[in-house]
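S.K.: Sharing a model that was predicted from the sequence below.
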Amino acid sequence: MGQEKQETLTVQKLARDLATFAIDRTDLKKLLATIPENSNLNLTTIEYELQILKILSVGWAISFFMSATDKNKGPVSQIFWESIKEISLNISTLTNTTTGQSIDYFQIVKQRLDTYLASMQENPGKNRNPADIMGPAFADACNCQNNAIAILTGTKMFTLTLGAVKEYLNTVKIDDIKLN
């Protein structure tokens, strides 16, 4: 199996590509389509929470799959989250304009991050795969605790997103920034 040539990207392009992927709904819609009609799940809530989980999963993937010694890790992460914050502001503005309800979508994303981190910290002694924790935490966020379909859906979103980001990071090279 031959190694494909890596595409060289700037830190900004890489971070924006990851932000674009985080909000892309293609895989989200595919996951929703696998949920049985008679599941008694609130599909609106599932869809809403899947989008948040995907955003968070991309952020975690940056942390997991970029080396701690990579000088580009900090800038990629920062630009990614700045992009998500900008997108969140647009979502908040659109929601306010169309529904008259004022929301802070980025604050919601941050709150959900805290919820998922708390779930991870509640299981410190268990040498578990994070996906084993994220699925049940996702089901809790959807108000359908212990629902196997919701747990599986959250687990799939988490693992598929991490895998996609890892694969993408393996196919790109970050253009070195020259400081002169």
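M.R.: Nice, I can see it.
S.K.: Surely T8 is within a helix?
M.R.: No: counting by DSSP: H, G, I helix; E, B strand; the rest coil, T8 is not found in a helix; it is strand.
S.K.: low pLDDT regions in the protein?
M.R.: Scanning the chain for pLDDT under 70 picks out 1-5, 124-128, 176-180.
S.K.: Quick check: next helix or strand after the lengthiest helix in it?
M.R.: Using DSSP state H, we find that the single longest helix of the chain is helix 73-99. Proceeding N to C from helix 73-99, the next assigned helix or strand is helix 105-121, under DSSP states H and E.
S.K.: Quick one: work out the angle between that next one and helix 73-99.
M.R.: 130 degrees (axes from the mean of the first three to the mean of the last three Cα atoms, to 10 degrees).
S.K.: buried sites along helix 105-121?
M.R.: For helix 105-121, a neighbour-count test (16 or more other Cβ atoms under 10 Å) marks 105-106, 109, 112, 116, 119 as buried. C-beta here means a position set from N, CA and C on the backbone, and glycine is covered the same way.
S.K.: ok, now which ones touch T159?
M.R.: A131 (Cβ atoms under 8 Å, 6 or more residues apart in numbering).
S.K.: did I read that right, it in a helix?
M.R.: Yes: under three-state DSSP, T159 sits within a helix.
S.K.: With V165 as the reference, measure out to it.
M.R.: Distance, T159 to V165, by Cβ to Cβ, to the nearest Å: 11 Å.
S.K.: Report all helices and strands that the longest helix of the chain contacts.
M.R.: Packing partners of helix 73-99 (3 or more Cβ pairs under 8 Å, 6 or more residues apart in numbering; DSSP states H and E): helix 11-23, helix 43-65, helix 105-121.
S.K.: next one: the shortest one to chain centre, how far?
M.R.: Put simply, helix 11-23 sits 12 Å off its chain's centre (Cα atoms, centre = their mean, to the nearest Å).
S.K.: Please apply the same query to stretch 141-158.
M.R.: Using Cα atoms, centre = their mean, the offset of stretch 141-158 from its chain centre is 15 Å.
S.K.: excluding its backbone neighbours, what's nearest A141?
M.R.: E49 (5.0 Å; Cβ to Cβ, 6 or more residues apart in numbering).
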